[in-house]
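*Asks:* attaching a predicted model along with its sequence, questions to come.
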Amino acid sequence: MTPHDMDNALTLARTRRHFFHDCGVGVGSMALASLLARDAGAVPERKDPLVPKKPHFPAKAKAVIFLFMAGAPSQLELFEPKPKLNELSGQKVPESFTMGKRFAFIKGDAKILGTNRKFNKAGKCGMDVSELLPHHAEVADELCWIRSMKTDVFNHGPAKCFVNTGSPQFGRPSMGSWLTYGLGSECDSLPGFVVLQSGPRGPRGGASLYGSGFLPSIYQGVPFLRGSSPILDLAPPPGVDLKKQGEFVDAVKDLNKLRLDATGDPEIATRIAAYEMAFRMQTSAPELTDLSKEDKKTLDLYGVTPGKPSFGTNCLLARRLVQRGVRFVQLYHTDWDMHGGGLDLGKPLDNICKEIDQPCAALVKDLKRMGLLDSTIVVWGGEFGRTPMGETRETIGRDHHIDAYTMWVAGGGFKPGMIHGQTDEIGYNVTENPVHVHDLQATILNQMGMDHTKLTYRFQGRDYRLTDVHGHVVKEVLV
């Protein structure tokens, strides 16, 4: 572009900006008008990349909440009582079980480890639920229990990536990104995909677990911080009023639009949408995280104290997010890795279960009470399971196990009170109705009205999808 062309472009930009500003229809003005219209009950037309899109076929659900227990809970302490496991405890596992298998740390001569946890039959479905999860027992008949999960990857980072993105390789779009790409969002004042984290640290794999990969970055998960200011730098600096801020947004919009017209780069469209979203979120985000309007009964249900960050607070925020039309909410709760080091199968397991038990059950109860459970899929689980063999470090624990573990799903057309799948007498292999990670992904997409084989994106000369070339819908677990 010559200097003359640049001058003309800048003149055009100034002229357009002043025109839009003077007419009162600049981006900042439109964003403000959108807020006022929504408060008045009107629904203005949306033109951003997250505008709602039609599914492939009628959907059973319109939102997903994924409660991800990062580090992999032990199904043998929580959901799988195995009398034979206790009977054989201390004996070497049969060689036929370990031949050709790979483990993260233990060797083929590892000994079987029983559990001292007590189990009770819960609900009419008769699901075995550990004493560690008494609140889960209260909602046993609302959950679809999948006892036959299988995955391919036995190290934490790649395995978390596999569950979240369908690939052990970093850089692929996450499930939340695929769904917001395919369906958009019903909320115009909050991101379509929100990430909430609890525990002493973030999950291994970090932002790659909720990134958009090769999809435009408008579809990536947006992490919310703890406390009353969930997004950094969301509030305007001192001395900048709404009018000045609107003028700034209008000016940046015009400059970005010039560049978008010249290059066609979708990331510029993402940038434009991000500015507009940030403008609207100055009102919506603080309102979202203000729990003072929730009644005491609801706060007690989740076991939360307003202003105090916790997994329970995040569960309540998840309900508030889907209530406002957010498409996908991912909750990460860390420190479930129990090899027998600092965290083992003893007191630390008691403590971490107490952190999540009541809030998870409360979320299911609350969604049902508000009429949202039928349209919301709630998923609970980690990246893999735990071995029937013990691993001794400072204390005793269990190694990573990919061949058999438990997850549960509630709402969104999944059969409540169903126990799907079975494992052998020591919990080593699936013996009935296996469900691979890709199968679960395909089934969740199906309930959202999306055919997992058709939700694709062309990148580097080929079409990619969440389930790669695998996966089938597990119809047996659906209503």
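*Replies:* Happy to help now that I have it.
*Asks:* what's the end-to-end length of stretch 300-318?
*Replies:* 16 Å (C-alpha to C-alpha, to the nearest Å).
*Asks:* again, but for stretch 149-168
*Replies:* Stretch 149-168 stretches 17 Å from its first residue to its last (C-alpha to C-alpha).
*Asks:* same question, stretch 55-71
*Replies:* Rule used - C-alpha to C-alpha; the end-to-end distance of stretch 55-71 is 33 Å.
*Asks:* pLDDT averaged over that stretch - what is it?
*Replies:* For stretch 55-71, mean pLDDT rounds to 98.
*Asks:* kindly report the same for stretch 287-301.
*Replies:* The model assigns stretch 287-301 a mean pLDDT of 93.
*Asks:* same thing with stretch 420-430?
*Replies:* On average, stretch 420-430 scores 97.
*Asks:* contact partners for the spatially most central residue of the chain?
*Replies:* Nearest to the centroid of the C-alpha atoms of the chain, with distances taken as C-alpha atoms, centre = their mean, sits residue 330, at 2.3 Å. By C-beta atoms under 8 Å, 6 or more residues apart in numbering, the residues touching residue 330 are 66, 68, 164, 174, 176, 193-196, 209-210, 221. Heads up, the C-betas are built off the backbone N, CA and C, glycines and all.
*Asks:* secondary structure class for it?
*Replies:* Three-state assignment for residue 330 (DSSP: H, G, I helix; E, B strand; the rest coil): strand.
*Asks:* format the contacts of residue 330 as CSV; extra columns: neighbour count and secondary structure.
*Replies:* Converted to CSV, those look like this (neighbours: other C-beta atoms under 10 Å; DSSP: H, G, I helix; E, B strand; the rest coil):
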residue, neighbour count, secondary structure
66, 24, strand
68, 24, strand
164, 29, helix
174, 30, coil
176, 30, helix
193, 28, strand
194, 26, strand
195, 24, strand
196, 24, strand
209, 26, helix
210, 28, helix
221, 25, coil
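*Asks:* for those, which one is nearest residue 142?
*Replies:* residue 66 (17.0 Å; C-beta to C-beta).
*Asks:* residues in a beta bridge with that closest one, which ones?
*Replies:* Residue 66 has the following beta-bridge partners by DSSP bridges: residue 330, residue 379.
*Asks:* where in this protein is pLDDT low?
*Replies:* 1-47, 227-229, 232-234, 341-344 (pLDDT under 70).
*Asks:* and it, split by domain according to the record?
*Replies:* Here the domain parsing of the chain from automatic domain parsing is 1-45+240-289, 50-228+303-477.
*Asks:* looking at those, which one is packed in the most?
*Replies:* domain 50-228+303-477 (a mean of 20; mean count of other C-beta atoms under 10 Å).
*Asks:* now do the same end-to-end measure for that domain.
*Replies:* 30 Å.
*Asks:* try stretch 371-386
*Replies:* 35 Å.
*Asks:* swap in stretch 94-113?
*Replies:* 13 Å.
*Asks:* contacts for it next, please.
*Replies:* So stretch 94-113 is contacted by 85, 88-93, 154-155, 339, 387-391, 396, 398-401, 403, 426, 428-429 (C-beta under 8 Å, 6+ apart).
*Asks:* quick one: contacts for residue 322?
*Replies:* Residues near residue 322 by C-beta under 8 Å, 6+ apart: 63, 65, 329, 367, 372, 376.
*Asks:* try it again at 6 Å.
*Replies:* Taking C-beta atoms under 6 Å, 6 or more residues apart in numbering, we find residue 322 in contact with 63, 376.
*Asks:* the one 5 residues further on now?
*Replies:* Contacts of residue 327 were listed using C-beta under 6 Å, 6+ apart, and they are 63, 179-180, 185, 192.
*Asks:* also residue 69?
*Replies:* When contacts are counted by C-beta under 6 Å, 6+ apart, residue 69 touches 333, 336, 382.
*Asks:* ok, residue 123 next?
*Replies:* Per C-beta under 6 Å, 6+ apart, neighbours of residue 123: 140-141.
*Asks:* next one: residue 419
*Replies:* Applying C-beta under 6 Å, 6+ apart, the residues contacting residue 419 are 125, 127, 145.
*Asks:* helix, strand, or coil at it?
*Replies:* On the basis of three-state DSSP, residue 419 is classed as strand.
*Asks:* in the sheet, who's paired with it?
*Replies:* Bridge pairing for residue 419 - DSSP bridges - gives residue 145.
*Asks:* where does the nearest residue to residue 203 once chain neighbours are set aside fall, phi/psi-wise?
*Replies:* Residue nearest to residue 203 in three dimensions, not counting chain neighbours: residue 70, with 3.8 Å by C-beta to C-beta, 6 or more residues apart in numbering. The phi and psi values for residue 70, taken as degrees, to the nearest 10, are phi -70, psi 120.
*Asks:* that older thread, what is the nearest of the contacts of residue 69 to residue 217?
*Replies:* The closest of those to residue 217 turns out to be residue 333 (C-beta to C-beta; 25.6 Å).
*Asks:* that closest one and residue 299, how far apart?
*Replies:* Residue 333 sits 19 Å away from residue 299, going by C-beta to C-beta, to the nearest Å.
*Asks:* ok so residue 96 is a helix residue?
*Replies:* Yes - residue state for residue 96 (three-state DSSP) corresponds to a helix.
*Asks:* any idea how far residue 176 is from it?
*Replies:* 40 Å.
*Asks:* residues contacting residue 309?
*Replies:* residue 226.
*Asks:* can you pull out the strands in the stretch 101-250 of the chain?
*Replies:* If DSSP state E, counting those that start in this stretch is used as the criterion, the strands of the stretch 101-250 of the chain fall at 119-122, 127-130, 143-150, 193-198, 222-224.
*Asks:* could those go into a markdown table alongside distance to residue 422?
*Replies:* Below are the strands of the stretch 101-250 of the chain laid out as a markdown table (distance: least, C-beta to C-beta, whole Å):
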| stretch | distance to residue 422 |
| --- | --- |
| strand 119-122 | 16 |
| strand 127-130 | 12 |
| strand 143-150 | 6 |
| strand 193-198 | 32 |
| strand 222-224 | 38 |
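*Asks:* chain center to stretch 348-362: distance?
*Replies:* 18 Å (C-alpha atoms, centre = their mean, to the nearest Å).
*Asks:* same deal with stretch 404-413?
*Replies:* For stretch 404-413, the distance to the chain centre is 14 Å (C-alpha atoms, centre = their mean).
*Asks:* contacting residues around residue 326?
*Replies:* 187, 190, 194.
*Asks:* show the backbone phi and psi for the first one.
*Replies:* Its backbone dihedrals place residue 187 at phi -110, psi 130, with angles given as degrees, to the nearest 10.
*Asks:* so that it lines up with my notes, have the first residue be 610 from now on.
*Replies:* Sure thing, new numbering starts at 610, so read that last one as residue 796.
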